[in-house]
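# Next come a sequence and a model predicted from it.
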Amino acid sequence: MPTARPDSVALVDPTLPIPAGISRRNFLGFCTAVTAALALPQVVTRQVAEALSSLAASGKRLPVAWLAFQDCTGDTESFLRSFNPTVTSLLFDLISLDYHETLMVPSGDGALARLDALVAAGGYVCIVEGSIPKGANGAYCTIGGRSALSIARQVCSRAKVNIAAGTCSVDGGIAAAKPNPTGATGILGAVPGAPNVMHMPGCPVNGVNLVAAIVYYLTYNKLPPLDSTRRPLFAYGKDIHEEGNCERFKFYDADLFVHAWGDIGSRKGWCLKEMGCNGPSTQSNCYQRNWNQTSWPIGAGHPCLGCTTPGFWDKNTPFYAIHGD
Amino acid sequence: MKIAIDPITRIEGHLRIEVDVTGGAVADVWSSTPTYRGIETILQGRDPRDAWVFTQRICGVCTTVSAIGSVRAIENALGITIPDNARILRNLLEAALYTHDHVVHFYHLHGPDWIDVTQALSADPAATAALQRSLSPWPNNTTAYFTGVRDKLTAFVSSGQLGLFGGGYWGHPEYQLSPEANLLLMAHYLEALDWQREAVKIHAHLGGKNPHPQTSVVGGMATALDPTSPTAVNRSTITALKGIAKTIKDFVDQVYVPDLLLVARSYPAWAGIGSGVGNLLSVGDFPNARGKQLMPAGIVRGKDLSTVEVLDQLKITEDVTRAWYLGTKPLHPSVGVTQPKYTGPTPPYAFLDTTAKYSWGKAPRYGGAVMEVGPLARLMVAYAARVPRARQLVDGALAALGLPVSAMFSTTGRMLARGLETQWVAEQIRPWLNALLANLNAGKLAVADNSKWDPSSWPASASGQGFSEAPRGALGHWVSIKNGTIANYQIVIPSTWNGSPRDAAGNRGAWEQALMGVAVHDPTQPLEIVRIIHSFDPCMACAVHVIDADGGEVVQVTVVP
């Protein structure tokens, strides 16, 4: 994890108003940390702090619609694990999560009325979790008697920005793995004209990347720079299998490999390539940001599944075969 | 009058409940699962060692249990016995999951059915602090603390942007907590949001991430143990895990369980509402070194806690009479024939035709009987089996509330069972870590039996089964392997049991039975219905399981008691 340099906080105007319910130190701490997470220079901390401060002072949080279709709710769970800012700070100071079936209070018509009001008002960010099935006239996933496909068309096409949170809403994910029994697809497969789509694959997406992207949008009112598959470069711009990235790369260079669970190499943290690691074909900042502020799969001793790669459920399987050279 | 409640929110996945409310009470009810993915179809022909990665994605809320169920099924098929460390590590992963999942369910999913956030704004912070001090030694108990929380909530509500809380049934006469109890529980709603991030770090230490940790593999675990290696689980890892175990246990003992008793005391009528089918099924879990389960398998019938029937998994069948599949007679999952065929209305629709097929969920039955699974089933099967800790926990809570044991068969009882088993599991984490440490100190470092890792060591065909208890109840995986690949894979999942539609005999599923006759104050604000449904903690991504789009196949199953 990059650590905040004290001088980056000093760049921020000391008279800057701080959002209610958070200490100045914590606020500037998370602005510094999220700036680092976005792979932006620390000088930008000032812009982040000013934008969030003015947003909090305005009393107008950004409306967000979170749609869930053929999902496992793993991306929501990952979102709940976010920090810098934490989900509490995000929900109380920065965004207004007006529709999220897993967390919202009203059910039934009361819930759908929230969604309809949001669409009518416009000006919201849409986050999609789960794939959208096109088979059986939409009957493989319905909410309130409406098909997922029709809801996605209605809500995504009117959003300012659409974020595909997790692999399923990027390309159909696991449901689209062969033979794709339900005709599952992602946002752009379902709503080809959806505006400003950003792909944040992963199974699930790492919550810290998702909230960092939201903070970027709150600061600059636009999406962060994307790669050719619409993934934000700050999170998906670097190969795992590089010197200075994966901590096991030095063992790859030294031809020291794990050959069996619990063997000497496994205990000593050697390279997992022979056990099927997909690190060499994967771009993700897991090694840098970690999961749950603690570790990442390779760090804990299991090969990378390559879950940020489009089509990984077919492309990277069998998972335990040796991939690449 | 018929009403459809869809989406039922604050659950995992998608659920639709249609009810006929006549004379202010539920006259009939239909539980429909409106989503289908086909993961078991996708598994066919793949490497069995990959299956856990796929089945884990059945659910990201009860993450890990479908991975563990899967590797157990394949280990059973291949005749693999996992080493002691793998057993302990799997218990730790499941224990961390239970505690995390049940706390989040109580505050964030079920909580808003009992807590009126708007009432919290008029609470007296000093009286709230006094209430907190009367409940437990939890240190956040000052007037200043609750003033801060009240101010935060007031600022939030007065912003006019109510976010997740917008459109709630605020002011409904069924909300009966004092303003101070509402403020206290909202404070803990917020604290639990931070706490839950810490609790799952056990998964990140042992499996690299949460949700969807990566470590349970066929034969054991990928996580290595080595007292001399900084990259493996070593003594300092175990010290760190003990710190998390304390964070978990303190919150459960001092916040969750006292709050649960406060809610139960404040809503006495709910100890008699939503009683349900009264038949309980548990497959048991958390094996010790001799294979004995902490929570035993068994069947309780007709609310009779004087005896426990031995579970015979061969009595499990699935019925598709009222589900969108072809098929005529109930079949054991190992010989299931499944062919999806949607015959419901084309969306958008206002109502399902509930005289015909009405769900993607099938109807599992045990010897033809409807069963409830989940915390209530686990705890009361243990109670009926006279497991001492289960007896202490249940009798202690009931004595504190002045309730008879029959009150466990209720909405309140389901909530109590969830909280009490959280306490039970939370207190096991430290002893299990000590067992792991003892192995580490003794140089017992094996985490896997690798002898059957290579598919060339497998027989041409093999089949097996694996069971685990998910937080939401009994989970079973059945697998058939031919020539190194998956020939058939079937899963029976907790919410399939609880949320089932009717069967051929017309028997309603467990949720349907629990809702029958319930009084509904205002059908446009069906608070009573969601309270009961939430007491089961539905998990709908889990509930739908689909097998073979081509018509299924008949396979053999190795039966292991």
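That came in fine, so what should we check first? Keep in mind the model is a prediction, meaning the values are calculated, not measured.
# Flag the shaky bits of the chain, pLDDT-wise.
If you meant another chain, say so; for now it's chain A. A:1-11, A:21, A:325 (pLDDT under 70).
# wait, chain B
For chain B, the ranges with pLDDT under 70 are B:337-338, B:542-561.
# Spatially central residue for it, please.
For chain B, the residue nearest the mean C-alpha position is B:Arg472 (1.9 Å; Cα atoms, centre = their mean).
# need the contact list for it.
Taking Cβ atoms under 8 Å, 6 or more residues apart in numbering or on different chains, we find B:Arg472 in contact with B:62, B:373-374, B:494-495, B:498, B:536-539, B:542. C-beta here means a position set from N, CA and C on the backbone, and glycine is covered the same way.
# Tell me how far B:Pro523 lies from B:Val19.
Distance of B:Pro523 to B:Val19, given as Cβ to Cβ, to the nearest Å: 8 Å.
# Please enumerate the shared neighbours of the two.
With Cβ under 8 Å, 6+ apart, B:Pro523 and B:Val19 have common neighbours B:Ile3.
# now the closest residue to chain A within the stretch 51-200 of chain B: how far from B:Ala96?
Chain A sits closest to B:Gly60 of the stretch 51-200 of chain B, with a gap of 2.3 Å, by Cβ to the nearest Cβ. Remark: distance between B:Gly60 and B:Ala96 (Cβ to Cβ) = 15 Å.
# Neighbour count for these two, which is higher?
B:Ala96 (29 against 24; other Cβ atoms under 10 Å in any protein chain shown).
# roughly how far apart are the more buried one and B:Val65?
Going from B:Ala96 to B:Val65 by Cβ to Cβ gives 11 Å.
# neighbour count winner among B:Pro523 and B:Val19?
Between B:Pro523 and B:Val19, counting by other Cβ under 10 Å, B:Val19 is the more crowded of the two (25 against 15).
# which ones are touching B:Val310?
Shown in contact with B:Val310 (Cβ under 8 Å, 6+ apart): B:297-299.
# Give the buried residues for stretch A:174-181.
The neighbour-count check on stretch A:174-181 (16 or more other Cβ atoms under 10 Å in any protein chain shown) flags A:174-177, A:180-181 as buried.
# B:Met540: what's it in contact with?
By Cβ under 8 Å, 6+ apart, the residues touching B:Met540 are B:11-15, B:33, B:35, B:495, B:499.
# Now a PyMOL select for only the buried ones of those.
Of the contacts of B:Met540, the buried ones go into a single PyMOL selection, burial set by 16+ other Cβ under 10 Å:
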select buried, chain B and resi 11+12+13+14+15+33+35+495+499
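# hmm, back to that, the residue of the stretch 51-200 of chain B closest to chain A reaches B:Pro213, doesn't it?
No. Checked against Cβ atoms under 8 Å, the pair B:Gly60 and B:Pro213 is beyond contact range at 11.1 Å.
# wait, which of the contacts of B:Val310 is closest to chain A?
Comparing these against chain A with Cβ to the nearest Cβ picks out B:Ala297 as the nearest, at 26.6 Å.
# OK, contacts around the closest one?
Under the criterion of Cβ under 8 Å, 6+ apart, the contact list for B:Ala297 reads B:282-284, B:310-311, B:381, B:467.
# how about a cut-off of 10 Å?
Residues near B:Ala297 by Cβ atoms under 10 Å, 6 or more residues apart in numbering or on different chains: B:281-285, B:308, B:310-311, B:313, B:378, B:381-382, B:385, B:467, B:469, B:474, B:561.
# Ramachandran angles for it?
Taking degrees, to the nearest 10, you get phi -80, psi 150 for the backbone angles of B:Ala297.
# who's in contact with residue 306?
No chain in the question, so chain A it is. By Cβ under 10 Å, 6+ apart, the neighbours of A:Gly306 are A:203, A:240, A:276-284, A:312-313, A:315-317, A:319, A:323.
# Hmm, no, I was thinking of chain B.
Residues near B:Ser306 by Cβ under 10 Å, 6+ apart: B:300, B:384.
# hmm, 7 Å instead?
Listed by Cβ atoms under 7 Å, 6 or more residues apart in numbering or on different chains, B:Ser306 has no contact partners.
# likewise B:Ala192?
Going by Cβ under 7 Å, 6+ apart, B:Ala192 touches B:103-104, B:107-108.
# so of those residues, which ones are in helices?
Within those, residues falling in helices by DSSP state H are B:103-104.
# Was I right to think B:Phe536 contacts B:Asn498?
Yes. If you go by Cβ atoms under 7 Å, B:Phe536 and B:Asn498 touch, sitting 5.1 Å apart.
# Touching both of these two, which residues are there?
The contact sets of B:Phe536 and B:Asn498 overlap at B:374, B:511 (Cβ under 7 Å, 6+ apart).
# out of those two, which sits in the more crowded spot?
Neighbour comparison, B:Phe536 and B:Asn498: the larger count goes to B:Asn498, with 31 against 28 (by other Cβ under 10 Å).
# Report how many residues lie close to A:Ser58.
Other residues near A:Ser58 come to 8 when the count uses other Cβ under 10 Å.
# wait, I meant B:Thr81
B:Thr81: 12 neighbours (other Cβ under 10 Å).
# B:Arg265 now?
Look at B:Arg265: counted by other Cβ under 10 Å, it has 15 neighbours.
# Nearest spatial neighbour of it, chain-adjacent residues omitted?
Closest residue to B:Arg265 apart from its sequence neighbours, by Cβ to Cβ, 6 or more residues apart in numbering or on different chains: B:Leu401 at 6.2 Å.
# and if you look at A:Trp296?
That would be A:Cys286: by Cβ to Cβ, 6+ apart, it lies 4.2 Å from A:Trp296.
# List the contacts of that neighbour.
A:206, A:240, A:296.
# Make TSV out of the residues you listed and add neighbour count, distance to B:Pro455 and secondary structure.
Shown next, in TSV, are the contacts of A:Cys286 (neighbours: other Cβ atoms under 10 Å in any protein chain shown; distance: Cβ to Cβ, whole Å; DSSP: H, G, I helix; E, B strand; the rest coil):
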residue	neighbour count	distance to B:Pro455	secondary structure
A:Asn206	27	33	coil
A:Ile240	25	27	coil
A:Trp296	25	28	coil
